[in-house]
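> Build me a structure from this.
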Amino acid sequence: CANCTKGAEVFLGAFLQLHILFTEIDLPMCYNKAASKCWKYPDGSASGKRGDILNLLFFLTPKATCTYLYDDYTLRQALERMENSGYTALPILSRCGTYCGTLTEGDLLWAVKNLCCMDLRDTENHNIMEIGHRKDNLPVSVSTDMQSLLLKATDQNFVPVVDDKGDFIGIVTRRAIMRR
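So this is what the prediction gives:
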């Protein structure tokens, strides 16, 4: 429909503006010993609390403030958690903190249909890891550069971020990138 097409054009235009902002025009490159190339902050200065490298931590929503599911949750627990949060996709973590994948509303819908869970009590008998996940958001390392992050954010609502040990530390949302 016309509204969907217009929304896609607006998003694409905003993404292209961000891409230009972070790659060519307003973000001059600087050189230092810690990194062969790094970006300065959007205002052009090299000042910042953590140094002069603009990285994904600037956009990170920490794990403590994220809504997520554990891999041992049942379908019912996932349905209730997703309903209460209002999000259409949530990251799945193991109890030890590693990122396991993404669960979407569509995954839940197809699971209920395929498992014939016409009674909500039947959803308590199935684990969320038993069902198929249409698309898992691929995580990035905390040391990922901004260009790679922007490319991932075009295909995913959120980008999961893991530390050097592979533990989940938070997410970067498209909204957070576009607001900066």
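
> Just the pLDDT for the residue nearest to residue 88 when sequence neighbours are not counted.
Nearest residue to residue 88, sequence neighbours excluded (CB to CB, 6 or more residues apart in numbering): residue 105, at 5.0 Å. For glycine as for every other residue, the C-beta is placed from the backbone atoms N, C-alpha and C. Listed pLDDT for residue 105 reads 92.

> What residues does residue 132 make contact with?
Residue 132 makes contacts with 107, 110, 111, as judged by CB atoms under 8 Å, 6 or more residues apart in numbering.

> that older thread, roughly how far does the residue nearest to residue 88 sit from residue 118?
According to CB to CB, to the nearest Å, residue 105 and residue 118 sit 18 Å apart.

> what about the two, which has more around it?
Ranked by neighbour count (other CB atoms under 10 Å), residue 105 and residue 118 place residue 105 first, with 15 against 8.

> Now that one. Its backbone dihedrals?
Dihedral angles of residue 105 (phi, psi; degrees, to the nearest 10) stand at phi -60, psi -40.

> one step back: nearest to residue 139, out of the contacts of residue 132: which one, please.
residue 107 (17.7 Å; CB to CB).

> The closest one belongs to a strand, doesn't it?
No: going by DSSP: H, G, I helix; E, B strand; the rest coil, the assignment for residue 107 is helix, not a strand.

> Count residues in the vicinity of it, would you?
Residue 107 has 21 neighbours, counted by other CB under 10 Å.

> Would you mind confirming that it makes contact with residue 133?
Yes: at 5.5 Å, residue 107 counts as touching residue 133 under the criterion of CB atoms under 8 Å.

> now the helices for this protein?
Using DSSP state H, the helices of the chain run over 2-23, 75-85, 105-114, 146-155, 174-179.

> can you list contacts of the second one?
This means helix 75-85. Helix 75-85 has contacts (CB under 8 Å, 6+ apart) with 67, 69, 73, 88, 90, 103, 105, 108, 111-112, 115, 117, 120-121, 123-124, 126-128, 131.

> just the buried members of the residues you listed?
Listed as buried from the contacts of helix 75-85 are 69, 73, 90, 103, 108, 111, 112, 117, 123, 126, 128, 131; burial here means 16 or more other CB atoms under 10 Å.

> taking these one by one, which sit in strands?
Assignment to strands by DSSP state E places the following of the buried ones among the contacts of helix 75-85 there: 69, 90, 103.
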